[in-house]
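# Build me a model from this:
(chains A, B, C and D)
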There are 2 protein chains.
Amino acid sequence: MTSPTLSDVARAAGVSYATADRVINNRGNVAEKSIAKVREAVTSLGYVRNVAAANLSRGRIYRLAFLIPRGSNAFFNRIRQHIDHAAAHQASERVTAEVIEVAAFAVEGLQDSILALLERDFDGVAIVGLQSAALEAPLAELRAKGVAVVGLVSDLPHAARAAYIGIDNIAAGRTAGRMVGLAHGGQGGKVQTFAGSLNARDHAERLAGFREVLSADFPQITVLDPIMTKDEAQVLQAQMQKVLSQQGLTAIYNVGAGNSGLIAALDGDQGTRPFCVVHELVAHSRQALMARQIDLVIDQRPDVEINRAFTVLRALIDAKDLPPMPDLVPTVYVRDNLPADTLTDKMKAQDT
Amino acid sequence: MTSPTLSDVARAAGVSYATADRVINNRGNVAEKSIAKVREAVTSLGYVRNVAAANLSRGRIYRLAFLIPRGSNAFFNRIRQHIDHAAAHQASERVTAEVIEVAAFAVEGLQDSILALLERDFDGVAIVGLQSAALEAPLAELRAKGVAVVGLVSDLPHAARAAYIGIDNIAAGRTAGRMVGLAHGGQGGKVQTFAGSLNARDHAERLAGFREVLSADFPQITVLDPIMTKDEAQVLQAQMQKVLSQQGLTAIYNVGAGNSGLIAALDGDQGTRPFCVVHELVAHSRQALMARQIDLVIDQRPDVEINRAFTVLRALIDAKDLPPMPDLVPTVYVRDNLPADTLTDKMKAQDT
DNA sequence: AAGAAAATGATATACGTCTATCAAAAATGA
DNA sequence: TCATTTTTGATAGACGTATATCATTTTCTT
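Take a look at the predicted model:
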């Protein structure tokens, strides 16, 4: 009933433990036919290496780092929270995670931080990235040292990372577009869009996806060019106030941050307001959903992303394949399917 | 840099390893002041038990069982798939999972299967349950044996399980209602609902949530009484054909299964069709979304549920608290935010 | 066939914890 | 104070794997 050990495999294969070990850990200097015998015994016995024992023996620890933009952005605060939370729970599995704050959206700052990582002994790093060739060299050095590198939320140069963990922003924009289209119930309309900056790749992608769907499937709806906000709440609030006075505006879509300003602008105007879609479920967007000030939130599930980052990094470090994980898709929230508020009762168990 | 061991704790506390061990594992026969000294050393050193070593030493294995309704239902096929997949990946952590098929929706069958579990040595069991007092006694026996019991997808009697892993079906129905409401764009309409049976608690709850939202927030939309389908595709197809010929039908909502019939009925009729919402993303509902035969799928993310079931059962067995996990919420799919098709490329890695 | 090279076997130690045993020391009761 | 109970210390083996060393056997060269 108990699972076979490597000694069992060795015995079944008719070789010594040492040889079986040489095969399992590719130490070389083994005859082909011994390799074959051991492989055969492995499959016939259904041997799987006991990872607990292996890690114990190796004294393996996983030292992870997360490079996250500095600042008080609600979304990244949530990300930081999830990292700390996940790290606390994996401490018993010898996983440590350090959050390193980086100047937001500055290539040089990020570059310096990556170079600084070289001095430290990390096994894996998750980076909220930028698409800049300037990052390729330092990342290559990092990977040459054997550090696993993944992009988080915002991708790194493709060749410079082993995986990207984040949603497809075109799909996110398309989803928003679909929802805005549906909400017009076949009627025409006019949508005002907002973005932080079109240099931010995720913003540009969301907007493109949004336009794609509306022009293809809802041609009777006009999409106005985005108003740039630098993701600042004040800018959004001021612009919103102007925009709301326009006639015939049927919907609003903000691909970026700064939603507290957007919501503040809506707070006054209590007549019929346009259909409002924003990104990221945080305290104020959640509250605005409940208060019916906005209609829809498209969320990237940072909790899922962080879990996935830990899992992927560990798998990369162990060079094994990935365990099953939920797929990352843009999630649609309305006021009726909100998750429990993890800020107020973070550690809430699911049990009775 | 390396984390402290129990020997370190003992040394710091000025007691022997044996005493430290007695405290850590509550073996009793320890003086209060020794307990205090050890506890203090634990917190000051930040000691956390190395679970890998502990499990290795104990020879711990997690024998899990899943009681799933028998039959060819696409949703439960997906569930079974996810269980097998997750089990395969946890084999290296000494987790075994056995899927036990049970007569679908029959209290006596389920009762017998639970009694049969008593003869086997399982550590944890996840059961797709029914709300029946007849299950309470056998489940109590099971739990008395020290077996962790959780309800999966459909809850068990509240007192008879340690946790429920599944979505809130009222929220799912409310979400569907919200979407149908929004899709009317302020206009009136008439919605035809379908259900397998109102004795199935999840169906009744979804319908109730659906009605709640529409009557409260979209009173200009009429919700017609559900047509009962026993979740059979043929029945759905026949009834749909009748219903589609009616005038003024603006939306359709099926809270239950059998959607292949619903879709087949829509296939002929290529004019303007009502807004269609169904539950559970499976091969045919996915295809129908892509083919624009239906508009929305509300999914309970069985992959997430299964992951969660494994995690919760292990935590219950180890009597430790729960690691961070994504919340379970009804997920809204449109044709733009579908996950990668896990049936065709199941093991697909996320990396480049 | 002799010598070199490659492959194999036997074995020991370590990882951190659990579990058990036995002897020794300290606290308690009368 | 002596006997009893409670508490403590010391230590050893086991879990399954990783890693290393050294001696021995097999295979290859020419």
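# for A:Q220, phi and psi?
Main-chain torsions, A:Q220, degrees, to the nearest 10: phi -80, psi 0.
# scratch that, A:Q247 is what I was asking about
Torsion angles, degrees, to the nearest 10, at A:Q247: phi -80, psi 150.
# how about low-confidence regions in chain A?
For chain A, the stretches with pLDDT under 70 are A:1, A:268-271, A:342-352.
# Point me to the residue of the stretch 151-300 of chain A nearest DNA strand D.
For the stretch 151-300 of chain A and DNA strand D, the shortest gap (Cβ to the nearest atom of the strand) falls at A:A162, measuring 21.8 Å. No exception for glycine: its C-beta is placed from N, CA and C like everyone else's.
# Give me the neighbour count for that residue.
Neighbours of A:A162 under the rule other Cβ atoms under 10 Å in any protein chain shown: 20.
# separation between it and DNA strand C?
For A:A162, the distance to DNA strand C equals 28 Å [Cβ to the nearest atom of the strand, to the nearest Å].
# Kindly report the same for A:F122.
20 Å.
# how close does that residue get to chain B?
Between A:F122 and chain B the computed distance is 13 Å (Cβ to the nearest Cβ, to the nearest Å).
# wait, is that residue part of a strand?
No. Counting by DSSP: H, G, I helix; E, B strand; the rest coil, A:F122 falls outside a strand, being coil.
# Nearest to DNA strand D: which residue in the stretch 251-352 of chain A?
A:D318 (10.0 Å).
# Could you double-check that A:A288 lies in contact with A:A264?
No. In this structure, A:A288 is not within contact of A:A264 by Cβ atoms under 8 Å, at 9.6 Å.
# Those two: which has the busier surroundings?
A:A288 (23 against 18).
# Do me a favour and get the backbone dihedrals for the closest residue in space to A:L152 that isn't next to it in sequence.
Once flanking residues are discounted, A:L152 sits nearest to A:A126: 4.4 Å by Cβ to Cβ, 6 or more residues apart in numbering or on different chains. Dihedral angles of A:A126 (phi, psi; degrees, to the nearest 10) stand at phi -110, psi 130.
# Show me where the stretch 1-150 of chain A has its strands.
Taking DSSP state E, counting those that start in this stretch as the criterion, the stretch 1-150 of chain A contains strands spanning A:62-69, A:95-102, A:124-127, A:148-152.
# which residues of the stretch 201-350 of chain A fall in strands?
Using DSSP E, counting those that start in this stretch, strands in the stretch 201-350 of chain A cover A:221-223, A:227-228, A:251-254, A:275-279, A:296-299, A:331-333.
# which of those is buried the deepest?
strand A:251-254 (a mean of 27; mean count of other Cβ atoms under 10 Å in any protein chain shown).
# So that one, near chain B or not?
No. Judged by Cβ under 8 Å from any Cβ of the partner chain, strand A:251-254 and chain B are separated, with a smallest distance of 10.5 Å.
# chain center to that strand: distance?
Relative to its chain's centre, strand A:251-254 lies at 23 Å (Cα atoms, centre = their mean, to the nearest Å).
# Within the sheet, what are the partner strands of that strand, with directions?
Sheet pairing of strand A:251-254 (DSSP bridges) gives strand A:189-195 (parallel), strand A:275-279 (parallel).
# Now for the residue in the stretch 101-250 of chain A that chain B sits nearest to: which residues touch it?
Per Cβ to the nearest Cβ, A:G185 is where the stretch 101-250 of chain A lies closest to chain B, at 2.3 Å. By Cβ atoms under 8 Å, 6 or more residues apart in numbering or on different chains, the residues touching A:G185 are B:183-187.
# okay, these in TSV with secondary structure and distance to DNA strand C next?
Shown next, in TSV, are the contacts of A:G185 (DSSP: H, G, I helix; E, B strand; the rest coil; distance: Cβ to the nearest atom of the strand, whole Å):
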residue	secondary structure	distance to DNA strand C
B:A183	helix	56
B:H184	coil	60
B:G185	coil	61
B:G186	coil	63
B:Q187	coil	65
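# Which two of the residues you listed have the greatest separation?
By the measure Cβ to Cβ, B:A183 and B:G186 form the most distant pair in the contacts of A:G185, at 10.6 Å.
# what does the domain assignment say about chain A?
A:6-49, A:61-166+A:303-321, A:169-299 (automatic domain parsing).
# Straight-line length of the longest one, end to end?
End-to-end span of domain A:169-299 (Cα to Cα, to the nearest Å): 11 Å.
# quick one: the residue lying closest to A:N259 once chain neighbours are set aside and B:S92, what's the gap?
Of all residues not flanking A:N259 in the chain, A:V278 sits nearest, at 4.8 Å (Cβ to Cβ, 6+ apart). A:V278 is 42 Å from B:S92, where distance means Cβ to Cβ, to the nearest Å.
# Likewise for A:F76?
Taken as Cβ to Cβ, the spacing of A:F76 relative to B:S92 amounts to 34 Å.
# for A:A162, same thing?
In terms of Cβ to Cβ, A:A162 sits 21 Å off from B:S92.
# Enumerate every residue touching A:I61.
With Cβ under 8 Å, 6+ apart, A:I61 has these contacts: A:94-96, A:123, B:2-3.
# Is it possible to mark the buried ones in those residues?
A:94-96, A:123 (16 or more other Cβ atoms under 10 Å in any protein chain shown).
# Counting neighbours, what do you get for whichever residue of the stretch 51-200 of chain A sits closest to DNA strand D?
Residue nearest to DNA strand D within the stretch 51-200 of chain A: A:S57 (2.9 Å; Cβ to the nearest atom of the strand). Neighbourhood size, A:S57 [other Cβ under 10 Å]: 12.
# Can you point out the buried residues in stretch A:283-303?
Those would be A:284-286, A:288-289, A:293-303, for stretch A:283-303 by 16+ other Cβ under 10 Å.
# same question but for stretch A:54-70, I mixed them up
Neighbour-count burial for stretch A:54-70 [16+ other Cβ under 10 Å]: A:54-56, A:60, A:62-69.
# Restricting to those, which residues neighbour chain B?
Among those, the ones lying near chain B by Cβ under 8 Å from any Cβ are A:55-56.
# Cool, thanks, signing off.
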